[in-house]
Each structure stands twice: as structure tokens, then as C-alpha cells.
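>>> no letters, just coordinates:
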């Protein structure tokens, strides 16, 4: 119950309705992320996205393996080809193709969708491997966020890209040492198949730019290093230029979410060098968190922010303010960022 004797009744009702829609969106992201890997494969994620698009009047395109290969999404396919469950590149759009918002942006939100991450040939230890169903949380978040924006401000220009894969050690899986060509033409030496999230995100970021994105934010359970550094309550963030990073943090402030800026240290780029390609997807452990951001930066030419939610995407046990499982983190930040450019904000 809200008691505000001097308040504006209509404004209070509108605020409560907005809060309810935001909460329902966060719960959609959480529900999708919590689903087991045998229940939410890349194909099923695409089907769920299509149902959401139809419900909220969103344009959708789902790119299957043959088309992804034809387009040149070499990193995306390098991860997805090892599983019997084929990958899907899911693209959702609110507003017209290439349409700018009131801030002159064609904003794109990109989310990592690894529906199960075994590590591939560079297989993970068995301890807590069951949690790797949560490696799709970024994709679930951007799908839910664009649906929430469509409910709060229909027609707001926004693009969501969700590369959905399983990372498995099948007979067609990528091997350590394989070299692939990314969508932007850069050659990548895959030294560690368990550094797969940055591969699918790189092609997704490039594709978002090809679709007209002028500003990009990606959300991913990308590194264990970020949770060791910042724990389960603070999300790590990279970005350039600083002005756009500050815009995203202003949205986070409105959303009540906590982030900590991490540096993009140019001197570390040389650590990613490869004898055989433009760079490796994984190198020495020193500065590995920073190098994950530097890798993604190779695939953007526009203002960009990367949110590493590996530590904050889900809780292993119930807390006084949250149940066990997916948290819905970053959903509210993305919605607030998109609505900043909406005339109905």
C-alpha cells in the first residue's frame, strides 16, 4: 500500500503500473534463464523470442546455420557447430529499420546466449557444471528488455541481438588452435574453446552495426574473473567513449543497479597476439578480465559498453532480498537506457 496524502493520484497509478511492467520483464528474463538446458535449446529460445515478438508487435529475424555461414559469421558458427542442437542468431527490432530515437541513436542491446556451456574441447571441470545452463542469461535479458520497452513505449527504436548456441565437444566441435574468420573479416586463433562467449558476441556486435546500430550495449556472463574481483552484488563494466558509458551509468542509477568501471588497457593488446591470426581469443591469465573487454572492442566501431554479469546474473543460495537462481540483473538498466530516447519515456 502506498500512502501519499499530497500526491498526484494519477501519477502514482502510472508509476505503479510502470513498476509492475518492469518487474514482469525482469521476471521474464529470470524465468527464461532458469530453464534447464534440455528445456531451452537455441531452437527453443528462438521460438520463445518469436512468440514474444508476436505478442508485442516486434519485428523478428532468426538466422539459421546455413545463412549464418553464408553471411560470414565464422566465430558464431565455430561455437555452435559442435552441438546436435543447432545455433540460432536471434534479431528483434522495435521501430523502423535504422530509425533513430530522440537522442539520435539506433541503440542495440546484445546478449550472450550459451544455452549450455561444457567448455567444448577445452572442457570445464565437473564441479558446478550444472550451473552452465545460466550462461544464456545475457540473451534472456535482452529479449525481455526489448519486450518491456515495447510495452512501456511502443515503437521506440531499439535493436536486440541474441546469439544462441550450445558449446559442446561433439565430433564437429572447434579444436584449440583452429583459426576462423569473424564477420568483420578479422582472423581469430581459438586457443581456448571455453572462451566462447566473446566469439559469438563479436559476430553479434558486428551484425548489429551492419543493421544500423549507432550505439551498442552487450550483456554477458563472460568471465569468472569478474566475480572474483567484484563478487555477486556489483557488475563489471567496460566502455568507450566515456560519454556513452556515462549515459549507460545514468540509466543504471535510475534503475538502482550497481556497476564498476573497468579499464581498457591498450598495453595488454599485445598479449593477445597470435603467430597465425590477428589475435587469440584467450591468452595468459594475467589481466584476463581486461583482455575480455579488449577482445570485444575489436568488433565495434561505434560507442559501446560491455556489462559482464557473470557474478551477478544468478545467486547460488537465497538471500534476504532475492531467491536462489537468476536475478534479472541489467534488465532495468537496458530498459531505462532505451526509454531515455523515447518521446514517451
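Received the coordinates, thanks. Here the structure is a predicted model, which is why all the values come from computation and not from measurement.

>>> how close does the nearest residue to residue 72 once chain neighbours are set aside get to residue 67?
In space, and not counting its chain neighbours, residue 72 is closest to residue 183: 5.1 Å by Cβ to Cβ, 6 or more residues apart in numbering. Using the backbone N, CA and C atoms, a C-beta is placed for each residue, glycine as well. Remark: distance between residue 183 and residue 67 (Cβ to Cβ, to the nearest Å) = 12 Å.

>>> more neighbours, the two?
A direct count of neighbours by other Cβ atoms under 10 Å for residue 183 and residue 67 places residue 183 higher, at 21 against 12.

>>> isn't residue 211 up against residue 159?
Yes. With contacts counted by Cβ atoms under 8 Å, residue 211 reaches residue 159, the gap being 6.1 Å.

>>> looking at these two, which is more packed in?
Neighbours were counted for residue 211 and for residue 159 using other Cβ under 10 Å; residue 159 has more, 28 against 16.

>>> what sits against that one?
If you count contacts by Cβ atoms under 8 Å, 6 or more residues apart in numbering, residue 159 has them with 91-94, 106-109, 208, 211-213.

>>> kindly indicate which of the residues you listed lies nearest residue 152.
Closest approach to residue 152 among the contacts of residue 159 (Cβ to Cβ): residue 94, at 10.7 Å.

>>> any idea how far residue 125 is from the spatially closest residue to that closest one that is not a sequence neighbour?
Sequence neighbours aside, residue 158 is the residue nearest to residue 94 in space, at 4.5 Å (criterion: Cβ to Cβ, 6+ apart). Distance from residue 158 to residue 125, counting by Cβ to Cβ: 39 Å.

>>> restricted to helices, list the contacts of residue 159.
In helices, judged by DSSP state H, the following of these are found: residue 208.

>>> and the contacts of residue 159 as CSV, adding pLDDT and distance to residue 170?
Shown next, in CSV, are these (pLDDT from 0 to 100; distance: Cβ to Cβ, whole Å):
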residue, pLDDT, distance to residue 170
91, 99, 26
92, 99, 29
93, 99, 32
94, 98, 36
106, 98, 37
107, 99, 36
108, 99, 31
109, 99, 30
208, 99, 28
211, 99, 30
212, 98, 35
213, 99, 32
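
>>> can I have the buried ones of the contacts of residue 159 as a ChimeraX selection?
This is the ChimeraX syntax for the buried subset of those, where burial follows 16 or more other Cβ atoms under 10 Å:
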select :91,92,93,94,106,107,108,109,208,211,213
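
>>> identify the bridge partners of the most centrally placed residue in the chain.
Centroid-nearest residue in the chain, with Cα atoms, centre = their mean: residue 111, separated by 1.8 Å. For residue 111, the beta-bridge partners under DSSP bridges are residue 219.
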